Every structure is written in structure tokens, then in C-alpha cells.
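> Here is my input, please return the structure:
(one chain, ligands or ions: 1)
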Amino acid sequence: MIKKISFTVALGLASLGALSGQKLLCQEDGNVTEGKKRAEEERATKKTKPRPGPTPGQQRRAASSKCILTGLWKNELGSKMQIQEVNSDGTFSGEYRTAVSLAQRPIQRAPLNGSQHFDEAGQPTFGFTVNWKSFSDSTTVFTGQCFVDENGKEILETMWLLREKAEANDDWGATRVGKDVFTRIKGQNVDESVRSDGAL
Ligand code: BTN
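This is a model prediction of the structure:
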């Protein structure tokens, strides 16, 4: 009996709802909008998750993204150069051991002197002169920039002008131009692993 009554009430309520369908829907809409608003408010007030700091690998890469000219370098010809400490004004000196030469005399170590910028990004431009006086009358000037690749590897991209000694009125071919790329190598000095006769 009770079951029968409640069924009838439920049916009555359902048909009432059908009749005033529009109003019921509006109420429901209002509830949805309210819910959405609340969710949006919550999202807006929710504190953004603190981002994790750089990983040790990222920190290492950031630290090594600065190029330091000091050290031992080798170019694609097999020439080596040693750059000493860079002074606070950016000047530096070192030694160059070329693997190739136009000179008749045997190759010897040659002094180099140069200067670099102190670049915020750690990829400075620089220039240096090599005086080949120990075996040649020529002089070479190099200019370039040190780049650090995504693996932290330093590369010196340079261009050079090599001036040979010539007669004043016949010097049209006395200057050569070229490009050398240097990468850092392990070792103590420019003579290391270079044969005593200068051959590679
Ligand atoms: C000379 O031949 O008179 C002196 C040696 C010049 C060597 C040049 S300098 C540019 C190029 N890069 C090198 O490493 N060696 C050659």
C-alpha cells in the first residue's frame, strides 16, 4: 500500500516536472554555472606548483657554457697553441706550434700575444698575433670567437691573415687568408705528442 502511494507521488512529481520543464532546466543551468564559477575561482586562487630547480646536469652545462681561452688547443691542420692565463685587462700570451709552414727553415715554437673581450654570455671575440721569428719572416694575425656548443664543448672559430715578407713594389701576393677551427685538447704544452722533427 505504502509502495503504491509513493509510486503515485513520484509519478505526479515527474509530470509536474515535465509541465514546468523550462523552469527546472533553468535551475539546473544555474547550478552548472555556479559549479563552473567555483571551479574557475579555485583554479585562479590555487597556487602554481613551484618548478623544480635545475638538475645537476643542467647546472654543470650552465657553468661550462662559458668559454675560457686559457689552455691547450689544436686546429684541423694539427697545429697546437697554448694560451696562458688571461690578464684582468683581457690580454694574454702563449705559444704556437704550427703543423705546416711555407718557410725553408724547420718549424719551431712561436710566441703569440692577443686580447679578448669579457663577454657576459661567455662566448667572447678575441684576436692574437703569432710572430714566427724563430724560423720565418712572416707574421700571422688571427681573429675569432669562442663558442660553446650544447654539450659544453668549446670551439674557437678563427680567420687569419698570413703576411710573408715581400718587396715594396711586388707585394700583391704576400698576404694569405684562411680559416682555422680549434678545439681544446688535453696535455701540458704545444710540444706534447708532436714529433721532434715537426712531422705529425
Ligand atoms: C710560415 O709559414 O712562414 C710560418 C708558419 C705559418 C703557419 C700558418 S698560420 C695560419 C695557418 N694555421 C696554422 O696553424 N698554420 C698556418
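> contacts and neighbour counts: CA atoms only from here.
Fine.
> dump the residue contacts of Asp171.
Asp171 sits next to no residue when contact means CA atoms under 8 Å, 6 or more residues apart in numbering.
> residues from this protein in reach of the ligand?
Residues of the chain lying near the ligand by CA under 6 Å from any ligand atom: Ser79, Thr98, Val100, Ser101, Leu102, Ala103, Trp132, Ser136, Ser138, Thr140, Leu162.
> Out of those residues, who's the most crowded?
For the residues of the chain next to the ligand, the largest neighbour count, defined by other CA atoms under 10 Å, is 22 neighbours, found at Trp132.
> What backbone torsions are found at the closest residue in space to it that isn't next to it in sequence?
If the residues on either side of it in the chain are set aside, Trp132 comes closest to Ala110, at 5.3 Å by CA to CA, 6 or more residues apart in numbering. For Ala110, the backbone dihedrals are phi -130, psi 140 (criterion: degrees, to the nearest 10).
> Contacts only, for Ala110.
For Ala110, the contacting residues are Glu95, Tyr96, Arg97, Val130, Asn131, Trp132, Lys133, Ser134, by CA under 8 Å, 6+ apart.
> at 7 Å what do you get?
The neighbourhood of Ala110, defined by CA atoms under 7 Å, 6 or more residues apart in numbering, consists of Glu95, Tyr96, Arg97, Val130, Asn131, Trp132, Ser134.
> now swap in Thr158 and tell me
When contacts are counted by CA under 7 Å, 6+ apart, Thr158 is found next to Phe142, Thr143, Gly144, Gln145, Lys179, Asp180, Val181.
> now, which of the residues you listed lie within strands?
Members of the contacts of Thr158 lying in strands (criterion: DSSP state E): Phe142, Thr143, Gly144, Gln145, Lys179, Asp180, Val181.
> Mind checking which of the residues you listed are buried?
Buried residues within the ones in strands among the contacts of Thr158, defined by neighbour count using 16 or more other CA atoms under 10 Å: Phe142, Thr143, Gly144, Gln145, Asp180, Val181.
> Might you report the residue contacts of Thr125?
With contact taken as CA under 7 Å, 6+ apart, Thr125 is in contact with Gln116, His117, Gly144, Gln145, Cys146.
> okay, these in TSV with pLDDT and distance to Phe126 next?
Written out in TSV, the entries for the contacts of Thr125 read as follows (pLDDT from 0 to 100; distance: CA to CA, whole Å):
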residue	pLDDT	distance to Phe126
Gln116	98	4
His117	97	6
Gly144	98	6
Gln145	98	6
Cys146	97	8
